[in-house]
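Enquirer: Build me a model from this:
(chains A and B)
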Amino acid sequence: MIPAVRGTRDILPGETERWAFVEGTARRLFEQYGYFEIRTPIIEREELFAKGTGETTDIVQKEMYSFIDKGGERITLRPEATPSLVRAFVEHALEQSMAVPKLYTLGPMFRYERPQKGRYRQFHQLDVEVFGVKDPSVDGEVIDLAWALVRALGIEHVELAINSVGCPECRPAFTRALVEALGRDVEKLCGDCRRRAETNPLRIFDCKVPADQPIIDRLPHTVDYLCDACRVHFDAVRADLDVYGIPYHVSHRLVRGLDYYTRTTFEVLAGHLGAQNAVLGGGRYDGLVRQLGGPDRVGIGFAAGIERLVLALPAELPVAPPVPDAFVAALGDQARREALALLRDLRRAGLNAQFDYEGRTLKSQMKRADRLGAPLVLILGEDELARGQVTVKRMATSTQEPVPRHEAVALVARERAARRAAATR
RNA sequence: GUGGAUGUAGCUCAGGCUGGUAGAGCGCCGGACUGUGGCUCCGGAAGUCGCGGGUUCAAAUCCCGUCAUCCACCCCA
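Expert: Down below sits the predicted model:
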């Protein structure tokens, strides 16, 4: 046997129904909020992520699946969607053709990490981005959409954390204050933090090493160093969240691991997911479009992990595998031919009809019908054939009756309509 | 990349310490019911004991290596 590649997995029947529920719910919601679907390639030029996601991030430094193709091009399997959408936005001048460039996409992402529950090397994200809107009300809408998604999926025990990481105007002053406040304590921090103090001091807040915590707790907060514009923006976002009635808390340690974020950042965390408890995260990236060679346009968005959303789904969520409207059972070669014709007629009429290919005993055909959950079994044997009838057995009540062959399809259709009506009541 | 736990039938797991060549439940197939499911009873098929090497007369069991999964770190969705 040749097993699946480490960190990848098959999503099997029984699970795919939950995936379809998550994806379907998300699509409906995104479109309700005015987003349009876009699909971008899974492979991109390596430099898109080096410049976009950021050279100092762990993603770029050690987690990318990169290779050189036969033409000598440096190619990367996308580790996240945002840079690709920014590229597409710029490449196709989407701001010209769309009233408001509000885009969503979904699909596989790739990161070379040590696999764990809720963390795979090929994983899947739902992703939403809005371009060109500076007004803080779009931040509120995007966060509302994120929250609405989690709510629509019925996921419990979630919390929303938000923060503002400032902009190029106020970031330098904050970074200076941070390094100053750190002072000689830098020496006492873990290796990662000492490195971060040099490359990206903001990310020290991500540290979870217990010994570092007392020092980090004493550090200044981004929100206390925002410039006037960022301050006003953040206050407006918070006011909007109050209007929407979305509960949240400000986490001054929410700085996120991607370099491009400015101003608003947010995350949705779910309990009972173990260590990989971030189901959704995002924020504003006002310099990214320009950074990637586009016009000076702002942006904001979020990504949600489909695996994690599926994991966080309520256990009792009803999943409905496709159920046949009828099962056709045949006895003998003559009847078998007529059974195929009946199967054809049922299917031409748009009904879900199943059959036992191997022509086994009636008993085993009944058993199969039962396993498939068919409410009706249409039995065709020599007797029925001679009389131009089929025997219709209702599985739920174990009752059966002869029906003229030419009325069988209409009967199955009527029964299905009645079941549907009962189900929606 | 670091630390720990675990890999035995399709699934969930026993056996492993105290080596003697593999078991249960569920599922699957068949029979009791010569043309009728779900319950019951009876029978059957199915396993390179993750993989490779070593020790031994003999290894699922002991030793080494390796791969995978899970948990935590890390990172993030």
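Enquirer: so who does the residue found closest to A:Gly107 once you drop the neighbours it is linked to in the chain touch?
Expert: Using C-beta to C-beta, 6 or more residues apart in numbering and skipping residues adjacent in sequence, the residue nearest A:Gly107 is A:His124, 6.5 Å away. No exception for glycine: its C-beta is placed from N, CA and C like everyone else's. Residues counted as contacts of A:His124 (C-beta atoms under 8 Å, 6 or more residues apart in numbering) are A:Leu106, A:Gly107, A:Pro108, A:Met109, A:Gly305, A:Ile306, A:Glu307.
Enquirer: which element is A:His124 on?
Expert: A:His124 is part of strand A:122-131 when elements are defined by DSSP states H and E.
Enquirer: and that strand, is it in reach of RNA strand B?
Expert: Yes. Using C-beta under 7 Å from any atom of the strand, strand A:122-131 reaches RNA strand B at A:Phe123, A:Gln125.
Enquirer: And the average pLDDT for that strand is what?
Expert: If you average the pLDDT over strand A:122-131, you get 96.
Enquirer: Just give the strands next to it in its sheet, each with its orientation.
Expert: Strand A:122-131 has its sheet partners listed here by DSSP bridges as strand A:102-110 (antiparallel), strand A:299-305 (antiparallel).
Enquirer: For RNA strand B, which of those strands is the nearest?
Expert: Closest to RNA strand B of the strands paired with strand A:122-131, according to C-beta to the nearest atom of the strand: strand A:299-305, at 2.8 Å.
Enquirer: Any residue of that closest one touching RNA strand B?
Expert: Yes. On the criterion C-beta under 7 Å from any atom of the strand, strand A:299-305 is in touch with RNA strand B at A:Ala303, A:Ala304, A:Gly305.
Enquirer: Pull the distance from stretch A:353-373 to the chain's centre.
Expert: 37 Å (C-alpha atoms, centre = their mean, to the nearest Å).
Enquirer: start to end distance for it?
Expert: End-to-end distance for stretch A:353-373: 11 Å, by C-alpha to C-alpha, to the nearest Å.
Enquirer: what's in contact with it?
Expert: Looking at what lies outside stretch A:353-373 - C-beta under 8 Å, 6+ apart - the contacts are A:323-331, A:336, A:339-340, A:342-343, A:346-347, A:374, A:377, A:379, A:381, A:395, A:412.
Enquirer: same deal with stretch A:27-42?
Expert: Contact with stretch A:27-42 is made by A:77-78, A:81, A:84-85, A:87-88, A:98, A:100, A:102-105, A:107-108, A:110, A:126, A:128, A:141, A:145, A:148-149, A:152, as judged by C-beta under 8 Å, 6+ apart.
Enquirer: Show me which of those are buried.
Expert: A:77-78, A:81, A:84-85, A:87-88, A:102-105, A:107, A:110, A:126, A:128, A:141, A:145, A:148-149 (16 or more other C-beta atoms under 10 Å).
Enquirer: Residue ranges in the stretch 201-350 of chain A under the pLDDT threshold?
Expert: Within the stretch 201-350 of chain A, the segments meeting pLDDT under 70 span A:208-210, A:257.
Enquirer: Tell me the residues on it that lie near RNA strand B, please.
Expert: So the stretch 201-350 of chain A meets RNA strand B at A:203, A:206-209, A:256-258, A:267, A:274-281, A:303-305, A:307-308, A:331 (C-beta under 7 Å from any atom of the strand).
Enquirer: Kindly write the PyMOL command that selects the buried subset of those residues.
Expert: Under the burial definition 16+ other C-beta under 10 Å, those of those that qualify are selected in PyMOL by:
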select buried, chain A and resi 203+206+207+256+258+267+276+277+278+279+280+281+303+304+305+307+308+331
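Enquirer: taking the residues of the stretch 201-350 of chain A next to RNA strand B one by one, which sit in helices?
Expert: If you go by DSSP state H, those have A:Glu307, A:Arg308 in helices.
Enquirer: Which of the residues of the stretch 201-350 of chain A next to RNA strand B fall within strands?
Expert: The members of these that map onto strands under DSSP state E are A:Glu267, A:Ala278, A:Val279, A:Leu280, A:Gly281, A:Ala303, A:Ala304, A:Gly305.
Enquirer: if I pick the third one, what's in contact with it?
Expert: The reference is to A:Val279. Counted by C-beta under 8 Å, 6+ apart, A:Val279 has contacts A:Val150, A:Ile155, A:Val158, A:Val268, A:Leu269, A:Ala270, A:Leu273, A:Ala304, A:Gly305, A:Arg308, A:Leu309, A:Ala312.
Enquirer: just these now: which is nearest RNA strand B?
Expert: Of all the contacts of A:Val279, A:Gly305 has the smallest distance to RNA strand B: 2.8 Å, by C-beta to the nearest atom of the strand.
Enquirer: Test my guess that the closest one contacts A:Leu273.
Expert: No. The pair A:Gly305 and A:Leu273 fails to qualify as a contact (C-beta atoms under 8 Å) at a distance of 9.9 Å.
Enquirer: Now the common contact residues for the two.
Expert: What both A:Gly305 and A:Leu273 touch, as defined by C-beta under 8 Å, 6+ apart, is the set A:Gly118, A:Val279.
Enquirer: A:Ala148 is in contact with A:Ala26, correct?
Expert: No. Counting by C-beta under 8 Å, A:Ala26 stays clear of A:Ala148, with 10.1 Å between them.
Enquirer: What residue in the stretch 51-200 of chain A comes nearest to RNA strand B?
Expert: A:Lys117 (2.4 Å).
Enquirer: for that residue, phi and psi?
Expert: Backbone dihedrals for A:Lys117, given as degrees, to the nearest 10, come out at phi -60, psi 130.
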